[in-house]
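**Q** Provide a 3D model corresponding to the input given below.
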Amino acid sequence: MILNFITWDVDPILIHIGDGGIRWYGLLWAIGLYVCWAVNERMYKREHCPEEWADQLFFWMAAGVIIGARLGHCWFYEWHQYGKPWYLFGWEFTYRNPYIENPLLLLRIWEGGLSSHGGAIGLITAAILLNKYRYSKYPQYGTSWLWILDRLCVGVCFTAFLIRLGNLMNSEIYGGPTDLPWGFIFVRDGQTVPCHPTQIYEMLYCLVALAVTWPMYWKTDARRREGLLLGVFLEIIFVTRFLLEFIKNDQEAFEAGHMLNMGQWLSVPFIVLGIYLIIRAYRRPLSPVVEKQPESLDPKYRNKK
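**A** Numbers count the residues shown, from 1 in each chain. A predicted model of the protein is given here:
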């Protein structure tokens, strides 16, 4: 007899240390950030960019995605219903956000709570600031926040793949019941019936995004069409995310009964932005190619062997 489901009972902690330990989720996040940096370092070398750019990118990227993901989760998803509504100037309020009442709770990231949409907003913000305060020192490159994100999104595909693998190891963010043969019973989350392993579905569309954007950058002139790579990335990631939300369980109780859940509403602006960037990229001329790396402005990189 062939089983028509998979019992998933993986320990989310890789190495136990006292009452805690090193979790798969945290390790996969770290690996994902490193791989993304390594991909961009290779791209920057190809385009003769200053040597310090890759190091600067890692710091801004890591800070932007982690802070954005945390703030995004706490703002978008952590709304809890009051026992009874309260009124202010005639307006009725039925939900509260504990992070607004106690901002110090934002620091408790070990308790979980990271939003992919918040992470995307954080990356965009980091790219804007990085270009303004670091890359703009080299005007001959004509860089912009779109230039940065066009290259960054290729590595982010693999990072997102690993983060969704981390969600699978945590037995979290999965779909509703299914009778398909690859349904997972998430034992550690108290499930007794097979459910859609939407973490795996999302891992697959991250690989599709990587399979599309990687050759676009390395084999075509897409990197010279500002915003094109980012636009394609946004369409693959957020259109599929929007559709998958129909079979995923709501992350929070307040989403129940709504036509669209929070993940879908948050995906719509990124889908619209992606369409705009693709159209814009083909209406603008190709950006120039920089043939020679300028001398680094950072003393620690000068005369580096």
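**Q** low-confidence bits of the stretch 101-250 of the chain, can you list those?
**A** Counting by pLDDT under 70, the ranges of the stretch 101-250 of the chain that qualify are 110-112.
**Q** where along it do the helices fall?
**A** In the stretch 101-250 of the chain, the helices defined using DSSP state H, counting those that start in this stretch lie at 116-133, 145-169, 198-219, 228-244.
**Q** closest to R188 out of the ones you listed?
**A** When these are ranked by proximity to R188, the top entry is helix 145-169, at 10.0 Å, counting by Cβ to Cβ. Yep, even glycine has a C-beta here, placed from its N, CA and C like the rest.
**Q** and M43, which of the helices of the stretch 101-250 of the chain is closest to it?
**A** helix 145-169 (5.0 Å).
**Q** just name the most buried of the helices of the stretch 101-250 of the chain.
**A** Most buried of those, by mean neighbour count (mean count of other Cβ atoms under 10 Å): helix 145-169, with a mean of 24.
**Q** quick revisit: the helices of the stretch 101-250 of the chain into TSV, with extra columns for distance to S287?
**A** Shown next, in TSV, are those (distance: least, Cβ to Cβ, whole Å):
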stretch	distance to S287
helix 116-133	14
helix 145-169	8
helix 198-219	13
helix 228-244	11
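**Q** V268 is nearest to which of the ones you listed?
**A** helix 228-244 (7.3 Å).
**Q** what angle do the helix or strand harbouring W60 and helix 145-169 make?
**A** With elements taken from DSSP states H and E, the one containing W60 is helix 52-76. Inter-element angle recorded for helix 52-76 and helix 145-169: 60 degrees (by axes from the mean of the first three to the mean of the last three Cα atoms, to 10 degrees).
**Q** what sits up against helix 52-76?
**A** In this structure, residues lying in contact with helix 52-76 by Cβ atoms under 8 Å, 6 or more residues apart in numbering are 33, 36-37, 40-41, 44, 97, 99, 105-106, 109, 113-123, 125-127, 129-130, 134-135, 148, 152, 262, 266, 296-298, 300-301.
**Q** list the buried ones in it?
**A** 52-54, 57-58, 60-62, 64-74, 76 (16 or more other Cβ atoms under 10 Å).
**Q** how far does that helix sit from the chain's center?
**A** Offset of helix 52-76 from its chain centre (Cα atoms, centre = their mean, to the nearest Å): 10 Å.
**Q** just stretch 70-78 next, same as before
**A** 14 Å.
**Q** please apply the same query to stretch 47-59.
**A** 21 Å.
**Q** can I get the CA coordinates of it in PDB?
**A** The C-alpha trace of stretch 47-59 is given here as PDB (Å, rounded to 0.1, in the frame of the first residue of the first chain):
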ATOM      1  CA  GLU A  47      30.900  45.200 -14.100                       C
ATOM      2  CA  HIS A  48      34.300  46.600 -12.800                       C
ATOM      3  CA  CYS A  49      32.600  48.100  -9.700                       C
ATOM      4  CA  PRO A  50      34.600  49.500  -6.800                       C
ATOM      5  CA  GLU A  51      35.800  46.700  -4.500                       C
ATOM      6  CA  GLU A  52      34.100  48.000  -1.400                       C
ATOM      7  CA  TRP A  53      30.700  48.000  -3.000                       C
ATOM      8  CA  ALA A  54      30.000  44.300  -2.200                       C
ATOM      9  CA  ASP A  55      30.900  44.700   1.500                       C
ATOM     10  CA  GLN A  56      28.700  47.800   1.800                       C
ATOM     11  CA  LEU A  57      25.900  46.000   0.100                       C
ATOM     12  CA  PHE A  58      26.000  43.100   2.600                       C
ATOM     13  CA  PHE A  59      25.700  45.400   5.600                       C
END
